[in-house]
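Student: Provided below are the primary sequence and the corresponding predicted coordinates.
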Amino acid sequence: MTAIEVRGLTRRYSGGFEAVRGVSFDVERGEMFALLGTNGAGKTSTVEVVEGLSRPAEGSVRVLGHDPFAERKVVRPRMGVMLQEGGFPPDLTVSEAARMWAGTLTSPRPVDEALSLVDLAHRASVRVKQLSGGERRRLDLALALLGKPEVLFLDEPTTGLDPESRRNTWELIRALLREGVTVLLTTHYLEEAQALADRLAIMHRGRIVAQGTVSEVVDAYPSRISFVPPPGIALPVVADAESSGRVTVRTNELQSTLHELLVWAQHNNVELSGLDARSASLEEAFLAIAEEAA
Ligand SMILES: Nc1ncnc2c1ncn2[C@@H]1O[C@H](COP(=O)(O)OP(=O)(O)OP(=O)(O)O)[C@@H](O)[C@H]1O
């Protein structure tokens, strides 16, 4: 079932500037969809309309079958929104801030449970202003989860988190997805989108310029095989050489090119030192797409 349906969405700011121009995508229930793009591409402008904070100039948005702007009262209790800056009174303790937020919700989960989910239970009596940047980010996530949302909006959820906290947050998000929560993620961490997202869209100047699963987006870009061959040997494939002696072969047929190389190396008794073969990363595809679009 479709949880979020966006059709031909256009958003204009005063003065007529079109920040979002005819954007369409669907997010199925229990799926994570990542919205990626360079600064100013229109991600936040899009997400705000999906959250029901603003009405589209053109096009339509449905969340759980409802218009999130016109039927905000119905949809809002079923959403969880993690903002870029939570902005809680800094003198409240963590548990006071969470209790205050829970007080605005219809059927919140217990505050202790929400704090445990993000590994902040041991910081419950600490003032918000005394939290580290990463802990504050986790508090923002706990607050977004307090209302047991069916649709969760995550805006840069792991900024400032150390590697272990980032992994723990990823695990938590994966567990939420398994429970059927739908997630709309905006992030500049392409590795995060690659690790978590079922599908993604890349925006540029208000339009979607690439959309699909991670592999659908990445497969259009060449894979790379690199190694250090013995000096002076003629290779059976075209390769770019670096001054270090390492060469890189770019190919759209990774498996067959690698096979050809390995068979050649075996027959000629050549060692391909430091051999590395990989598909394009989402980051490489993103950079190429942004460059093409520009
Ligand atoms: N309130 C506003 N009034 C006028 N223009 C705005 C307003 N908010 C955003 N914009 C413009 O709309 C465009 C899209 O901005 P938006 O914040 O949606 O981009 P983004 O993809 O979220 O960027 P970032 O990655 O930097 O967060 C930008 O050119 C921005 O300057």
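Tutor: Arrived safely. Numbering: from 1, shown residues only.
Student: Which residue ranges of the stretch 151-294 of the chain form strands?
Tutor: Across the stretch 151-294 of the chain, reading from the start of the chain, the strands by DSSP state E, counting those that start in this stretch fall at 151-155, 182-186, 199-204, 207-212, 223-228, 240-241, 247-251, 273-278.
Student: Return the residues of the stretch 1-150 of the chain in contact with the ligand.
Tutor: Counting by Cβ under 6 Å from any ligand atom, the residues of the stretch 1-150 of the chain lying close to the ligand are 13, 17, 19, 37, 39-45. All C-beta atoms are positioned from the backbone trio N, CA, C, and that covers glycine.
Student: contacting residues for residue 143?
Tutor: Listed by Cβ atoms under 8 Å, 6 or more residues apart in numbering, the contact partners of residue 143 are 82, 86, 97-98, 101, 114.
Student: any idea how far residue 265 is from the nearest residue to residue 237 once chain neighbours are set aside?
Tutor: The spatially closest residue to residue 237, leaving aside those adjacent along the chain, is residue 249, at 5.2 Å (Cβ to Cβ, 6 or more residues apart in numbering). Counting by Cβ to Cβ, to the nearest Å, the gap from residue 249 to residue 265 is 12 Å.
Student: These two: which has the busier surroundings?
Tutor: Comparing residue 249 with residue 265 by other Cβ atoms under 10 Å, the one with more neighbours is residue 249, at 22 against 18.
Student: So what angle separates the directions of the worst-scoring helix or strand of the chain on mean pLDDT and strand 207-212?
Tutor: Of all the helices and strands that make up the chain, helix 282-293 has the lowest average by mean pLDDT, DSSP states H and E, namely a mean of 89. Angle, helix 282-293 to strand 207-212, by axes from the mean of the first three to the mean of the last three Cα atoms, to 10 degrees: 140 degrees.
Student: and helix 282-293, is it in reach of the ligand?
Tutor: No: Helix 282-293 stays clear of the ligand (Cβ under 6 Å from any ligand atom), getting no nearer than 12.0 Å.
Student: name the helices or strands packed onto that helix?
Tutor: Judged by 3 or more Cβ pairs under 8 Å, 6 or more residues apart in numbering; DSSP states H and E, helix 282-293 is in contact with helix 190-196, strand 199-204, strand 207-212, helix 214-218.
Student: Is the longest one in proximity to the ligand?
Tutor: No: using Cβ under 6 Å from any ligand atom as the criterion, no contacts between helix 190-196 and the ligand are found, and the smallest distance is 12.8 Å.
Student: Packing partners of that helix?
Tutor: For helix 190-196, the helices and strands in contact under the criterion 3+ Cβ pairs under 8 Å, 6+ apart are strand 32-37, helix 163-178, strand 182-186, helix 282-293.
Student: Indicate each strand paired with the third one and its parallel or antiparallel sense.
Tutor: When pairs are called by DSSP bridges, strand 182-186 turns out to pair with strand 32-37 (parallel), strand 151-155 (parallel).
Student: Report the buried residues of it.
Tutor: 182-186 (16 or more other Cβ atoms under 10 Å).
Student: and if you look at the longest one?
Tutor: For helix 163-178, a neighbour-count test (16+ other Cβ under 10 Å) marks 165-166, 168-170, 172-173, 176-177 as buried.
Student: closest to residue 199 among the contacts of residue 143?
Tutor: residue 82 (19.9 Å; Cβ to Cβ).
Student: which element is the nearest residue to that closest one once chain neighbours are set aside on?
Tutor: With sequence-adjacent residues excluded and distances taken as Cβ to Cβ, 6+ apart, residue 82 is closest to residue 144, at 3.9 Å. Secondary-structure element containing residue 144, defined by DSSP states H and E: helix 133-145.
Student: tell me the angle of that helix relative to strand 151-155?
Tutor: Using the same axes, to 10 degrees, the direction of helix 133-145 lies 160 degrees away from that of strand 151-155.
Student: hang on, isn't the residue nearest to residue 82 packed against residue 152?
Tutor: Yes: in this structure, residue 144 sits in contact with residue 152. The criterion is Cβ atoms under 8 Å, and the distance is 6.3 Å.
Student: residues bridging contact with those two, i.e. touching both?
Tutor: Taking Cβ under 8 Å, 6+ apart as the criterion, residue 144 and residue 152 both touch 80-82.
Student: quick revisit: determine the number of other residues adjacent to the residue nearest to residue 82.
Tutor: Counted with other Cβ under 10 Å, the burial measure for residue 144 works out to 23 neighbours.
Student: Okay, it and residue 242: tell me how far apart.
Tutor: Spatial separation of residue 144 from residue 242 under the definition Cβ to Cβ is 46 Å.
Student: Now for residue 35: which residues touch it?
Tutor: By Cβ under 8 Å, 6+ apart, the residues touching residue 35 are 43, 46-47, 184-186, 200-201, 203.
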